[in-house]
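>>> what's the 3D shape of this:
(2 chains)
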Amino acid sequence: MTLDRKIGLSIFDRMLMIRHFEEAVIRLYKDGHFASHYHIYIGQEATGAAVLEALSDKDLICTTHRNHGHIIGRGCDPNRAMAEILGRATGFNGGRSGTLHLSDPSRGFLSTSAVVGGCPGLATGAAYGIKTKKEPRVAVGFFGDGALEEGLVIESFNIAALWKLPVVYVCENNASGAMGATQGGYPSATTATDSFTRLPAAYGIHCLKVDGTDMTAVHTAAVEAVQRCRAGNGPVFIEAFTMRWPGSSPLWPELATVTDLEEAWDPSRIKGPYAEWLRNHDPLLRAARELSSAGHASRDDIMARDKAARDRIAEACEFAIASPMPDPATVGQHVFA
Amino acid sequence: MHNARSLTYRAAVLEALVGEMRRDDAVIMLGEDIGAAGGVFKQTDGLFTEFGAGRIIDTPISESGAFGIAVGAAMAGQRPVFEVMFGDFITLIMDQLVNQAAKLNYMSAGQFKVPLVVRTAVGIGGNLGPQHSQSLHAWSSHIPGLKVVMPSTPVDAKNLMVAAIRDDNPVLFFEDRMLYNLRGDVPEGDYLVPIGSADVKREGSDVTIIATSRMVHTALAAADLLVKDGISAEVVDPRSLVPLDIATLVTSVKKTSRAIVVDGGYQQYGVTGEIAATIAEHAFDHLDAPVIRFGSADVPIPFSRTLESLMLPDAGNLAQAAAAMVRGR
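Model (predicted):
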């Protein structure tokens, strides 16, 4: 592992927080603590955590409906994130947005758009604002592969390239391993291109392809992208490939696998119908193995970090459940600024 | 006589689609996840098996482009039923709808027809937040050249879908997703409800409640509550917003001398205002009280259930308003 020890462990801590947060979200839903449709980030932790590690506190971020991982990976308060998902008054958005639109401007989160393709336009606009004010910041837009089917995204690429805007487009391609229509799931990757990078490349946008479960590769690409943007060289497109977590294949998320980091050292513990995913595609187990073999962390250190993340998320759940619902008298607040 | 069976709203619309696709090879469907997956609300279940990928067409997540294709296909002789997964996303097809589909017949002096249906699910109440809960039917109702229907019952849903597919104009078909499991008697066979005909869902003499889509059921529940107060409420469902059956609405209001208008879309510049103004134009001298309106609160639909539940009136709100109106207070 070429990654610096401190950076590697920081990315890993972000990944642990995301993973335990998401497992908790599914449990809270199953226990009836909220009712809504929601999307889970498990399987993509190395992408979000490593990109966010490469950013400064001043950078701006837009994301998509699969947003929990980006919020938690950025270091936003998990108490308030979980409270928002439960529709509580103490949530980031006062219960108005719920799971689909979590945002935290204090940490540079402009928006979460649940309309597919909505986020890249906003990220491009944020980059325009940054460039106009000559600030040393970048804007980052996270979105899935489906967003590239929307015209708005292609239009955004053209404008960003034309005006050399400091925006990093992070396409999280999680199409592999999705059930697909023939297995009773939903069609995915309904695109005629054999490579998504051909689209931004047609406008001269610098493109990078990485394994989205490899935190070192993602971090290296993100650092390069951010440096290019800060140097005024215009937008960068990163495509990060991940294998769909089995729990995200059905229309409603299922807790298909449960995290057990001992599996990183003892593969014989890996069992069940999704053993192949755990063995070959789980970014968290991969990161634990890599940190351990690089000598960056002992097994005990890794397990202690895992416990700390679990405890922190348990606290967030308690906070959210104990929080009050919004006061009906406040419903009309914030329609206008 | 038609033989009636009990069907859900979802099944009634599906029966109309199956019947029309068997009857006319020109009928095709386009939308996201409508094929083998059967739709996110199971509203196209089984169509792919019977009609195949050539007629049940899964589009990319490209609403604007895919709807443009539907408009072009309609001009070339197909009869597309285009599904927009959430009613909020009709914003994504608006240019092709408003500037192309709605005007092509007029701009070509009748030489081009655009026989297509836009089908979409709307309705507050699913804890889906501000971008997945809106009812934007007033938008399309504003545009000349577009017909708009909003059935409230399984039988109306089936028959208006048949009428919409056979119509030679663009027709928007708004379904409240909270009605999908509602059951009701649906006669077998063709039983056309013409677009532009309202229906008196309950007769009464003291006050007319004009309600659309799911709000019809809220109005009927309010009418039940009002019986205890000795008040007889008539419930009228316009069923079509464009064209609007003004005669049926006005006849009822002239009979009862009082009108309450209820709709699930935002109240400002919406359906309730249009209908209230229509009543004022045609029945002002018959009114004993100002028309009362109930729409959705003019607030983005909030996620949290304690806030979302405030967006629409319930039967108690309607009954209270009706009782005060009848008693002259």
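
>>> please count neighbours and contacts with C-alpha atoms only from this point.
Will do.

>>> in terms of secondary structure, what does the host helix or strand of A:K131 contact?
Assignment of secondary structure by DSSP states H and E places A:K131 within helix A:118-132. Contact here means 3 or more C-alpha pairs under 8 Å, 6 or more residues apart in numbering or on different chains; DSSP states H and E; on that basis helix A:118-132 packs against strand A:60-63, strand A:109-112, strand A:139-144, helix A:151-162, strand A:167-173.

>>> so where do the strands sit in chain B?
Applying DSSP state E to chain B gives strands spanning B:4-8, B:27-31, B:56-58, B:79-84, B:117-122, B:147-149, B:171-176, B:183-187, B:199-202, B:207-211, B:233-237, B:240-242, B:259-266, B:292-296.

>>> outside of the third one itself, list whatever touches it.
Around strand B:56-58, the neighbours that count as contacts under C-alpha atoms under 8 Å, 6 or more residues apart in numbering or on different chains are A:P187, B:I28, B:M29, B:L30, B:G31, B:E32, B:D33, B:I34, B:G35, B:L47, B:F48.

>>> out of those residues, who's the most crowded?
For the contacts of strand B:56-58, neighbours were counted by other C-alpha atoms under 10 Å in any protein chain shown; the highest total belongs to B:M29, with 30 neighbours.

>>> pretty sure it contacts B:E83?
Yes: at 7.4 Å, B:M29 and B:E83 qualify as touching, with contact defined as C-alpha atoms under 8 Å.

>>> up against chain A, what does chain B have?
Chain B has residues B:33, B:35-37, B:58-65, B:89, B:126-131, B:299-300, B:302-307, B:310 near chain A, with proximity defined as C-alpha under 8 Å from any C-alpha of the partner chain.

>>> report how many residues lie close to the nearest residue to A:W245 once chain neighbours are set aside.
Closest residue to A:W245 apart from its sequence neighbours, by C-alpha to C-alpha, 6 or more residues apart in numbering or on different chains: A:G43 at 5.3 Å. A total of 25 residues lie near A:G43 under the criterion other C-alpha under 10 Å.

>>> list the contacts for A:G43?
Contacts for A:G43 were tallied using C-alpha under 8 Å, 6+ apart; they are A:T213, A:T242, A:M243, A:R244, A:W245, A:H281, A:D282, A:P283, A:L284.

>>> which of those residues fall in helices?
Where those overlap with helices, as defined by DSSP state H, the overlap consists of A:P283, A:L284.

>>> and the contacts of A:G43, which two are the farthest apart?
The two members of those with the most space between them (C-alpha to C-alpha) are A:R244 and A:L284, at 13.9 Å.

>>> ok, of the helices and strands packed on helix A:118-132, where does mean pLDDT dip lowest?
Across those, strand A:109-112 has the smallest mean pLDDT, namely a mean of 86.

>>> need the pLDDT of the closest residue to chain A within the stretch 151-300 of chain B.
The minimum distance from the stretch 151-300 of chain B to chain A, using C-alpha to the nearest C-alpha, falls at B:V299 (6.1 Å). pLDDT, B:V299: 97.

>>> can you redo the contacts of strand B:56-58 as JSON lines with pLDDT and distance to A:R289?
Output for the contacts of strand B:56-58, formatted as JSON lines (pLDDT from 0 to 100; distance: C-alpha to C-alpha, whole Å):
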{"residue": "A:P187", "pLDDT": "57", "distance to A:R289": "34"}
{"residue": "B:I28", "pLDDT": "98", "distance to A:R289": "53"}
{"residue": "B:M29", "pLDDT": "98", "distance to A:R289": "50"}
{"residue": "B:L30", "pLDDT": "97", "distance to A:R289": "47"}
{"residue": "B:G31", "pLDDT": "95", "distance to A:R289": "44"}
{"residue": "B:E32", "pLDDT": "92", "distance to A:R289": "40"}
{"residue": "B:D33", "pLDDT": "89", "distance to A:R289": "39"}
{"residue": "B:I34", "pLDDT": "91", "distance to A:R289": "42"}
{"residue": "B:G35", "pLDDT": "89", "distance to A:R289": "42"}
{"residue": "B:L47", "pLDDT": "94", "distance to A:R289": "48"}
{"residue": "B:F48", "pLDDT": "93", "distance to A:R289": "46"}
